[in-house]
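S.K.: Pasted the sequence and its predicted model underneath.
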Amino acid sequence: MKLPRSSKMATSLAAATFAFIASSASAEPVKDDQLIVNGEEEIATEAPAPPHLDGAVGDTIYSGWLFRDTETRAMQKDDFDNPMFLFVDAGIEAWNTREGTAEKSCADCHNEIEDSMKGLRAELPKVTPEGELWSLENYVNDCRTNRMGAEPWGWNSQEMKNMTAAIGVQSRGMPVAVEIDGDAAPFWEKGKDMYYTRYGQLEMSCANCHEDNFGNYIRSDHLSQGQINGFPLYRLKDQGAVSTHQRFVGCVRDTRGVPFEAGSQEFRELELYVASRGLGLLVETPAVRH
Amino acid sequence: MAENVKPRVRVPKTASKDEVITIKTLISHPMESGQRKDKDGKTIPRSIINRFTVEFNGQLVLDSTLEPAISTNPYFEFDAKVPETGEFKFTWYDDDGSIYEDAHQVEVS
């Protein structure tokens, strides 16, 4: 990997806020490990960078899995050791539970989750026929309120993350397949603008860490490319499930900015753009990270 | 009374005679220590799995006492030498008197 690219680092170091990003290029993603889940399902963790990135991260995109410790990588290799599967089980139970005034469960309409939800996680967020950009959480709550007559779940509630994990794992191993043209283009452009906009007192954009400095350390954190192909995932620090928007909130907060709300229009647009930076990677949901 | 308690076990389906196999077990359980207090300052009663046993063909091969310091969702991984075809039986004992069981057959060729 070509890191650090001298011109980008020069710009970064010119800003005083970047004095604490180590310039050592010694901590690249691991090269000698393969993600083989349950000893049988091989999931590629790197891919050629999608054309729209125009070389911004070099030739290759890397899964966040490659930036994590040996022990953490091992947890994701075995579903028995991956704590997310407790939440996946809870999500599947909820899938089969009748709720709301319509006395319906997800399964009553969608039957087996393994069949009906296969591939969905890979193509979201996407534009609905009404022209709105929806994430998986929007679809879940739409079903709950309009079809089941049940209360919507909070975006980052445990119930929601159980369900998005249970739906997401049905797409594991499938290539990220978000649409970025046509109806999605204006949302994608806004998400891209946001990715390169500096937020907070520290005036940092997503790109400052995840494009200019992936592979380097920011204090003790090993910066990845910020790929979201493994969400929702188990975060060891939180001892729990973390959604994509929860991670976005955390990143903006780390810049000492005021984050957008989880589920907001802004974060859905950002989700689409960040997902598109992973076009070529495979869905790893539910991943394990630090 | 603990809710959503669900045992999970992974045992290889087959083994050769006297092979040492790895067994993994996990039970989803809150493991409430009895040390914490709720919003009103009242102690939340202790509710843990206090014993875990494994039998092979009716013979006790592992018997363990669990204490309140053990975290949520206790995980046990251990090796076992299997001399013959048989059944591993796993039993978890809850403070509330509930007993959770799971069993797995190993074919020795």
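M.R.: Nice, thanks for sending it over.
S.K.: Quick check: B:S33 touching B:R46?
M.R.: Yes: assessed by C-beta atoms under 8 Å, B:S33 is found in contact with B:R46 at 6.4 Å. Glycine gets a C-beta too; all of them are placed from N, C-alpha and C.
S.K.: Need the overlap of contacts for those two.
M.R.: Shared contacts of B:S33 and B:R46 (C-beta atoms under 8 Å, 6 or more residues apart in numbering or on different chains): B:P68.
S.K.: Excluding residues flanking it in the chain, which one is nearest residue 91?
M.R.: The chain I'm using is chain A. A:A166 (2.9 Å; C-beta to C-beta, 6 or more residues apart in numbering or on different chains).
S.K.: Chain B was what I was after
M.R.: Nearest to B:T91 is B:T53, by C-beta to C-beta, 6+ apart, at 4.8 Å.
S.K.: Now that neighbour: which helix or strand?
M.R.: Here B:T53 sits within strand B:49-56, counting by DSSP states H and E.
S.K.: got any ranges where the chain has weak pLDDT?
M.R.: Since you didn't name a chain, this refers to chain A. A:1-27 (pLDDT under 70).
S.K.: Oops, wrong one, chain B.
M.R.: B:1-2.
S.K.: where does it come near chain A, residue by residue?
M.R.: Neighbours of chain A within chain B, by C-beta under 8 Å from any C-beta of the partner chain: B:N4, B:K6, B:R8, B:R10, B:K24, B:L26, B:S28, B:N73.
S.K.: Secondary structure and neighbour count added to these, as TSV?
M.R.: What follows is those, written out as TSV (DSSP: H, G, I helix; E, B strand; the rest coil; neighbours: other C-beta atoms under 10 Å in any protein chain shown):
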residue	secondary structure	neighbour count
B:N4	coil	11
B:K6	strand	15
B:R8	strand	18
B:R10	strand	16
B:K24	strand	15
B:L26	strand	20
B:S28	strand	18
B:N73	coil	17
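S.K.: Strands of the chain, start to end?
M.R.: No chain specified, so I'll use chain A. Applying DSSP state E to chain A gives strands spanning A:35-37, A:41-43, A:46-48, A:60-62, A:126-127, A:133-134, A:217-218, A:221-222, A:233-235, A:240-242, A:288-289.
S.K.: Wait, chain B was what I had in mind.
M.R.: Going by DSSP E, chain B shows strands at B:6-10, B:14-15, B:19-28, B:49-56, B:59-65, B:75-82, B:86-94, B:99-108.
S.K.: Could I get those strands in JSON lines, plus columns for distance to A:G149?
M.R.: Putting those into JSON lines (distance: least, C-beta to C-beta, whole Å) gives the following:
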{"stretch": "strand B:6-10", "distance to A:G149": "29"}
{"stretch": "strand B:14-15", "distance to A:G149": "49"}
{"stretch": "strand B:19-28", "distance to A:G149": "29"}
{"stretch": "strand B:49-56", "distance to A:G149": "38"}
{"stretch": "strand B:59-65", "distance to A:G149": "47"}
{"stretch": "strand B:75-82", "distance to A:G149": "39"}
{"stretch": "strand B:86-94", "distance to A:G149": "36"}
{"stretch": "strand B:99-108", "distance to A:G149": "35"}
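S.K.: quick one: which of the residues of chain B next to chain A is nearest A:L223?
M.R.: B:N73 (30.6 Å; C-beta to C-beta).
S.K.: which residues touch that closest one?
M.R.: B:N73 neighbours (C-beta under 8 Å, 6+ apart): A:P83, A:L86, B:L26, B:I27, B:S28, B:H29, B:M31.
S.K.: Then A:G131?
M.R.: Contacts of A:G131 (C-beta under 8 Å, 6+ apart): A:D183.
S.K.: can you pull the contacts of residue 38?
M.R.: This is for chain A. A:N38 touches A:K77, A:D78, A:D79, counting by C-beta under 8 Å, 6+ apart.
S.K.: think we crossed wires, I meant chain B
M.R.: Taking C-beta under 8 Å, 6+ apart as the test, what B:D38 contacts is B:I44.
S.K.: do you know how far it is from A:W95?
M.R.: As judged by C-beta to C-beta, to the nearest Å, B:D38 and A:W95 stand 31 Å apart.
S.K.: Kindly report which residue of chain B is located farthest from the centre.
M.R.: Of all residues in chain B, B:D40 sits farthest from the chain's C-alpha centroid, using C-alpha atoms, centre = their mean; the distance is 33.1 Å.
S.K.: From A:G64, how far out is it?
M.R.: Counting by C-beta to C-beta, the gap from B:D40 to A:G64 is 42 Å.
S.K.: Residue 56: how many residues sit nearby?
M.R.: Chain wasn't specified; assuming chain A. Neighbours of A:A56 under the rule other C-beta atoms under 10 Å in any protein chain shown: 14.
S.K.: I was thinking of chain B, sorry if that wasn't clear
M.R.: B:F56 has 18 nearby residues by other C-beta under 10 Å.
S.K.: Could you give the bridge partners of it?
M.R.: With DSSP bridges as the criterion, B:F56 is bridged to B:Q59, B:F88.
S.K.: Hmm, A:L86 is touching B:S28, no?
M.R.: Yes: here A:L86 reaches B:S28: they are 5.4 Å apart, a contact under C-beta under 8 Å.
S.K.: Return the member of the contacts of A:N38 nearest to A:Q201.
M.R.: A:K77 (39.5 Å).
S.K.: number of nearby residues for that closest one?
M.R.: What A:K77 shows, counting by other C-beta under 10 Å, is a neighbour count of 19.
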